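Asks: Just need the structure, nothing else, for what follows:
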Amino acid sequence: MLKNVIELKNINKIYGTTVKTQVLHDVNLNIEEGSFTSIIGQSGSGKSTLLNIVGTLDKPTSGEVYINGKRTDQMKKDELADLRNRTMGFIFQFHYLLPEFTALENVLIPYQIQGEKITPEILKRAHELMDLVGLQAVKNNMANAMSGGQQQRTAIARALMNQPKIILADEPTGNLDSDTTESVYDLMRDINKKLGTTFIIITHDRRIAERADRIVEIKDGRIALNIPFQRMTS
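Replies: Down below sits the predicted model:
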C-alpha cells in the first residue's frame, strides 16, 4: 500500500477579523505518494487556498497539515521555507521566469536560492532536466525569446531542480493553446511515471482533469467529489 505524502485533517480557513469569510470548511484529504491528482472547482470555490495550504504558503485557521508525516501548520517561517525548498516544486499559470536570464539559468534558480555553489554535477542535472522537457536546443535562449509552451516547460524543469517529492501546479496550462496544453500535460504525466513525483494540479480543463488518477472537486469550500480512477494498464 502506498503511503500518504500529504494529509489534511479538518482544515478550516477564515479570512478577515471584523467581517469573516470562511473559504474552507472541515476539509479532509489524503494524497498518496506518486499519484497524479487534479483539483477542479469554480472560481472562488477554495481550490487555490487549499493548494496554498498544502504548499505551506498559507496556514489553516484550524486543522492539521502533514507533509511526509511531519506536521507543518505549527512550523516557523524558516522551517517552512526549508521544507518547501527541499520537498516541493511549484508551477503556476504565469511561469514567473526572469526575463534577463536564459532558460538554463532560470532552471538553476531554486538551487541558488539555497546559497549553494553551482557544481559541475548540479549543472549536469540542469542540462538533463532541459533534455527531459525537450528544450536542450534552446537552453541558452533568453526566457522572453521563447514561446509560451517553451516557457512553461522551462518552469516545469525549474520546479524539478531540487528533486522534489511533490509538484503543486495551479492552472499550469491556463495560458496555453489546446495543442500545447496536451503536450505540457503529457510531459507532466511522463515525469510522474518516470520519477515517481507526486502531482497535484488545479485545472479548469475538464478533459485534462479526467485523465488524472483522481479528481477532487471543491465546491463552496468543501470536497464535493473525490473520484479515484484506475490507472490504465496496457
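
Asks: All the strands of the chain, in order from the start?
Replies: 4-15, 21-32, 36-40, 62-67, 70-71, 88-92, 166-170, 198-202, 214-219, 222-228 (DSSP state E).

Asks: What residues sit buried inside the third one?
Replies: Read it as strand 36-40. 36-40 (16 or more other CB atoms under 10 Å). Just so you know, the C-beta spots here come from the backbone N, C-alpha and C atoms, and that holds for glycine as well.

Asks: And stretch 20-28, what's buried?
Replies: 23-24, 27.

Asks: now, among those residues, which is nearest to residue 223?
Replies: Closest approach between the buried residues of stretch 20-28 and residue 223, by CB to CB: residue 27, at 6.0 Å.

Asks: gap between that closest one and residue 188?
Replies: As for residue 27, its distance to residue 188 is 24 Å (criterion: CB to CB, to the nearest Å).

Asks: Over to residue 113?
Replies: Distance from residue 113 to residue 188, by CB to CB: 23 Å.

Asks: Of the two, which one has the most company?
Replies: Neighbours per residue, other CB atoms under 10 Å: of residue 113 and residue 188, the larger number sits with residue 188, 23 against 12.

Asks: Report how many residues lie close to residue 58.
Replies: Residue 58 has 16 nearby residues by other CB under 10 Å.

Asks: Please convert the buried residues of stretch 20-28 to JSON lines, extending it with distance to residue 66 and pLDDT.
Replies: Output for these, formatted as JSON lines (distance: CB to CB, whole Å; pLDDT from 0 to 100):
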{"residue": "23", "distance to residue 66": "20", "pLDDT": "91"}
{"residue": "24", "distance to residue 66": "16", "pLDDT": "92"}
{"residue": "27", "distance to residue 66": "13", "pLDDT": "92"}
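
Asks: Would you format those as TSV with distance to residue 63 included?
Replies: Converted to TSV, the buried residues of stretch 20-28 look like this (distance: CB to CB, whole Å):
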residue	distance to residue 63
23	12
24	8
27	7
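
Asks: confidence score at the residue nearest in space to the middle of the chain?
Replies: When CA atoms, centre = their mean is applied to the chain, the residue found nearest the centroid is residue 168 (1.3 Å). On pLDDT, residue 168 comes in at 92.

Asks: next one: residue 134
Replies: The model reports residue 134 with a pLDDT of 83.
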